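Peer 1: What follows is a predicted protein model with its sequence.
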Amino acid sequence: MNIAILGFGTVGYGVYDMASHTENLTVKYVLDLKKHEDITAKSVTDIKEILEDSSVDTVVELIGGENPAYSFIKSALLAGKNVITANKLVISKHYEELTALSKQQNVALRYTAAVGGGIPWLVNLERTLRISRVHRVRGIFNGTTNYILDAMHKDGETFEAALKEAQRLGFAEADPSSDIDGLDTQRKIAISANVAFGVLVNPDEINVSGIRSVSAEAVKDCEEHGYVCKLMAKARNKNGAISVWVEPTFVKKTSSYAAVAQNYNRISYDADHVGRGSFSGFGAGRYPTAYTVVGDCIDVANGVKKAYNSNMRPVHIDNSIVAHRYYVKTTAENDWLKENTESVWRHGVLLKPVSVGKMHEMAAEIQKTDPNIFIAGVY
């Protein structure tokens, strides 16, 4: 198989390195803004040369972001080339179009690394779906936020200090908004729900709350009541009704999720016949992500072309049908919070079970007067 790599950053170099030492894989082109003279592949700056070369079987997109990645992926599929990508933004936003286009062109579109980085999550989910019906997906999908929360619990770090260290170590970008505001996780759970349930969800319909406003006081409340705080994403299919949400979550200290340390991820499904399956590992990084991308290349070279799940039923997310208790820390006075308070903790309150949709609606309203409101689901 002849490969063209689009983007030669951290992961791009990792894929080049691993593919160069993998039998039956040849990196023929590397597309980057600058020319690279120290590689055996041909270094180019114009994708046209790659698209017009009939000997290139597969395009590996590792540029990131929406544009020009989206247009490059679409152009490659239209040119009859297989596409492998780690781009969660493009896949979550253009899922239906690109999946349909790959089927129309009879080429592969694989994106295992878009969810879970080095964890072979989607391919194992795909295997499960061959036999069983998956009715729930949940987990820790973002290593940056997990590193920050882990440092706050174990080392007593402030949010600001933990974030700064995550940036120093390369776990967080200079602009960490996508991670700490839950948008990265939102895209990953959207893709996971689409595959798990055979649906088409709009990522913008997913209720999202990040960890930007988490404080040492909230962490103390969490610990004093026997919990650990994690940023969790959950998706549920109940008799065809789809619920999907992202939020900080207080999980029991005895939970397997509480034990997920540093920048690791842990993702699970619940399915008929097999029960729960869980997958843990590095959610990002040069070689963990490159490992998954190269694994996709090998699968495609061995003839894999079909989508992870070819069913695509358009649905609207309904988060009014799921409810649980919430911890809320805010300085705002609010009658709804008072009416739904179950108990008062040292720095916040514990609410009686309320629907996910209602809690996120109220949090957005309260945020107008208290920008630092913090909410967390409690299980």
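Peer 2: Cool, the structure landed.
Peer 1: Where does pLDDT dip in the stretch 101-250 of the chain?
Peer 2: Within the stretch 101-250 of the chain, not a single segment meets pLDDT under 70.
Peer 1: One more pass at 90, please.
Peer 2: Within the stretch 101-250 of the chain, the segments meeting pLDDT under 90 span 117-118, 120, 169-173.
Peer 1: ok, which stretches of it are strands?
Peer 2: 109-110, 134-140, 199-200, 207-208, 227-238, 241-252 (DSSP state E, counting those that start in this stretch).
Peer 1: Could you identify which of those strands is most buried?
Peer 2: When the strands of the stretch 101-250 of the chain are scored by mean count of other C-beta atoms under 10 Å, the highest mean neighbour count falls to strand 109-110 (a mean of 26). Glycine gets a C-beta too; all of them are placed from N, C-alpha and C.
Peer 1: Show residues contacting it.
Peer 2: Under the criterion C-beta atoms under 8 Å, 6 or more residues apart in numbering, residues 77, 82-85, 98-99, 101-102, 296, 299-300, 304, 307 lie in contact with strand 109-110.
Peer 1: Residue 103 and residue 305: what is the separation?
Peer 2: In this structure, residue 103 and residue 305 are 9 Å apart, going by C-beta to C-beta, to the nearest Å.
Peer 1: quick one on the thing from earlier: how about a markdown table for the strands of the stretch 101-250 of the chain, with distance to residue 12 added?
Peer 2: As requested, the strands of the stretch 101-250 of the chain are arranged in a markdown table below (distance: least, C-beta to C-beta, whole Å):
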| stretch | distance to residue 12 |
| --- | --- |
| strand 109-110 | 17 |
| strand 134-140 | 26 |
| strand 199-200 | 30 |
| strand 207-208 | 29 |
| strand 227-238 | 27 |
| strand 241-252 | 28 |
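Peer 1: Compare these and give me the one nearest residue 276.
Peer 2: strand 134-140 (8.8 Å; C-beta to C-beta).
Peer 1: where are the low-confidence patches of the stretch 251-379 of the chain?
Peer 2: Regions of the stretch 251-379 of the chain meeting the criterion pLDDT under 90 cover residues 282-286, 305-307, 309-312.
Peer 1: 50 instead?
Peer 2: Along the stretch 251-379 of the chain, no part satisfies pLDDT under 50.
Peer 1: where exactly do the helices run in it?
Peer 2: Applying DSSP state H, counting those that start in this stretch to the stretch 251-379 of the chain gives helices spanning 286-301, 335-340, 356-366.
Peer 1: So for the longest one, what gets flagged as buried?
Peer 2: It stands for helix 286-301. Buried residues in helix 286-301, defined by neighbour count with 16 or more other C-beta atoms under 10 Å: 286-297, 299-301.
Peer 1: Give me the helices and strands touching it, please.
Peer 2: Secondary-structure packing of helix 286-301 (3 or more C-beta pairs under 8 Å, 6 or more residues apart in numbering; DSSP states H and E): helix 10-20, strand 58-61, strand 82-85, strand 109-110.
Peer 1: Just send those back as TSV, with distance to residue 187 too.
Peer 2: Compiled in TSV, the helices and strands packed on helix 286-301 are given as follows (distance: least, C-beta to C-beta, whole Å):
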stretch	distance to residue 187
helix 10-20	17
strand 58-61	15
strand 82-85	13
strand 109-110	16
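Peer 1: Quick one, which of these gets closest to residue 268.
Peer 2: Closest among those, using C-beta to C-beta: strand 109-110, at 21.9 Å.
Peer 1: can you give me the offset of that closest one from its chain's centre?
Peer 2: Strand 109-110 sits 16 Å away from the centroid of its parent chain (C-alpha atoms, centre = their mean, to the nearest Å).
Peer 1: Then residue 24 would be within a helix, right?
Peer 2: No - applying DSSP: H, G, I helix; E, B strand; the rest coil, one finds residue 24 to be coil, outside a helix.
Peer 1: ok, it - how many residues close by?
Peer 2: 10 (other C-beta atoms under 10 Å).
Peer 1: wouldn't it be in contact with residue 301 here?
Peer 2: Yes - counting by C-beta atoms under 8 Å, residue 24 does reach residue 301; the two are 6.0 Å apart.
Peer 1: Identify the contacts common to these two.
Peer 2: residue 1.
Peer 1: any idea what sits nearest residue 260, other than its immediate chain neighbours?
Peer 2: Closest residue to residue 260 apart from its sequence neighbours, by C-beta to C-beta, 6 or more residues apart in numbering: residue 266 at 4.7 Å.
Peer 1: Pull the contacting residues for the closest residue to residue 193 other than its chain neighbours.
Peer 2: Of all residues not flanking residue 193 in the chain, residue 235 sits nearest, at 4.0 Å (C-beta to C-beta, 6+ apart). The contact partners of residue 235, by C-beta under 8 Å, 6+ apart, come to 136-138, 189, 192-193, 196-197, 242-244.
Peer 1: switch the cut-off to 10 Å
Peer 2: 134-139, 189-190, 192-194, 196-197, 199, 201, 206, 242-246, 269, 317 (C-beta atoms under 10 Å, 6 or more residues apart in numbering).
Peer 1: count of residues packed around residue 7?
Peer 2: With other C-beta under 10 Å as criterion, residue 7 counts 24.
Peer 1: you'd agree it is up against residue 87?
Peer 2: Yes - Residue 7 is in contact with residue 87 according to C-beta atoms under 10 Å; the separation is 9.5 Å.
Peer 1: Need the residues touching each of the two.
Peer 2: Between them, residue 7 and residue 87 share these contacting residues under C-beta under 10 Å, 6+ apart: 61-65, 69, 72.
Peer 1: Understood, closing this out.
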